[in-house]
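Visitor: Build me a structure from this.
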Amino acid sequence: MSAGRRVVIIGGGLGGLALALRLSVSRWSVRLFEQGHSLGGKMNRWSKDGFTFDTGPSLITMPFVFRELFQSAGEKLEDHLELAQVEPHARYVYPDGTRFDVSNRLPSWLETLRSLEMRADAAFLEFMQLGARIFDLSQGTFFRASPREFGRPPAPAALRHFPLLDAWGLYSETVARYFRSPALRQLYQRYPTYVGSSPYRCPA
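Guide: Reported below is the predicted structural model:
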């Protein structure tokens, strides 16, 4: 490693570990410091009195991100980790007695949606198409841009694909345009919590 390329990383969560791996592969000298008893950040476990709890995410919705990380080091994720598919991956229970399972299998989930709200299955597919458009556009702009390029206006070719109505403003309002069921609105409004965001406007 080059003696002139040194970096100190504070925090051994998934972000810190991923950065340390990528820099090490690029021949940086890396030192990583973590205050906790183990690496992993929120993705960890805590045990006491015979009980074990996940302290953070136990559901991986984008495994391709992890595969890409391992590939950057010339490795295969499957040689180091075993990802287990959970079916169903969640069960929702509401005070009014509504309850349902969220399935990984699309036909089962569409059937559940139809049982909760008329045409919710079609609305769900439209909602997913919108998400795919925003994600693909983001992949080609700020997701892959260098931090030094942040704020650079996107190419005009990208702007014409931007779904202005739903890509700005309140996520909760977008959800409400697709679903009428209070249970489904609550279900889809909770997903911003995965990135530490709130789907609601803060009061002035």
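Visitor: contacts, neighbours, all on C-alpha from now
Guide: Noted.
Visitor: CA atoms only: put the one helix or strand S24 maps to into PDB for me.
Guide: Assessed by DSSP states H and E, S24 sits inside helix 14-25. Extracted as PDB, the C-alpha positions of helix 14-25 are listed here (Å, rounded to 0.1, in the frame of the first residue of the first chain):
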ATOM      1  CA  LEU A  14     -22.100  -1.200   7.500                       C
ATOM      2  CA  GLY A  15     -21.200   2.100   5.900                       C
ATOM      3  CA  GLY A  16     -17.800   2.300   7.600                       C
ATOM      4  CA  LEU A  17     -17.000  -1.300   6.800                       C
ATOM      5  CA  ALA A  18     -18.000  -0.900   3.100                       C
ATOM      6  CA  LEU A  19     -15.900   2.200   2.800                       C
ATOM      7  CA  ALA A  20     -12.900   0.500   4.500                       C
ATOM      8  CA  LEU A  21     -13.200  -2.500   2.100                       C
ATOM      9  CA  ARG A  22     -13.400  -0.300  -1.000                       C
ATOM     10  CA  LEU A  23     -10.500   1.900   0.000                       C
ATOM     11  CA  SER A  24      -8.400  -1.100   1.000                       C
ATOM     12  CA  VAL A  25      -9.000  -2.600  -2.500                       C
END
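Visitor: how far is that helix from where the chain is centred?
Guide: Centroid separation between helix 14-25 and its chain, computed with CA atoms, centre = their mean, to the nearest Å, is 18 Å.
Visitor: same question, stretch 9-22
Guide: With CA atoms, centre = their mean, you get 17 Å for stretch 9-22.
Visitor: before we move on, what about stretch 51-66?
Guide: From the chain centre to the centre of stretch 51-66 is a distance of 10 Å (CA atoms, centre = their mean).
Visitor: Endpoints of it, how far apart?
Guide: Across stretch 51-66, the terminal residues are separated by 29 Å (CA to CA, to the nearest Å).
Visitor: And stretch 78-92, by the same measure?
Guide: Note: stretch 78-92 ends 31 Å apart using CA to CA.
Visitor: same deal with stretch 55-65?
Guide: Stretch 55-65 end-to-end distance (CA to CA) = 21 Å.
Visitor: what's the neighbour count on R114?
Guide: Other residues lying near R114 total 13 when counted by other CA atoms under 10 Å.
Visitor: can you confirm it is in a helix?
Guide: Yes: per DSSP: H, G, I helix; E, B strand; the rest coil, R114 lies within a helix segment.
Visitor: does it really touch S108, like I thought?
Guide: No: in this structure R114 lies outside contact range of S108 using CA atoms under 8 Å: 10.1 Å.
Visitor: In this protein, mark out all the helices, start to finish.
Guide: 14-25, 63-72, 106-116, 120-139, 156-159, 164-167, 171-178, 182-189 (DSSP state H).
Visitor: of all those, which lies closest to W46?
Guide: W46 lies closest to helix 14-25 among these, at 17.1 Å (CA to CA).
Visitor: Now that closest one: average pLDDT?
Guide: Taken as a whole, helix 14-25 has a mean pLDDT of 92.
Visitor: what residues does that helix touch?
Guide: For helix 14-25, contacts defined as CA atoms under 8 Å, 6 or more residues apart in numbering pick out 9-10, 29-30, 32, 40-41, 43, 69, 72-73.
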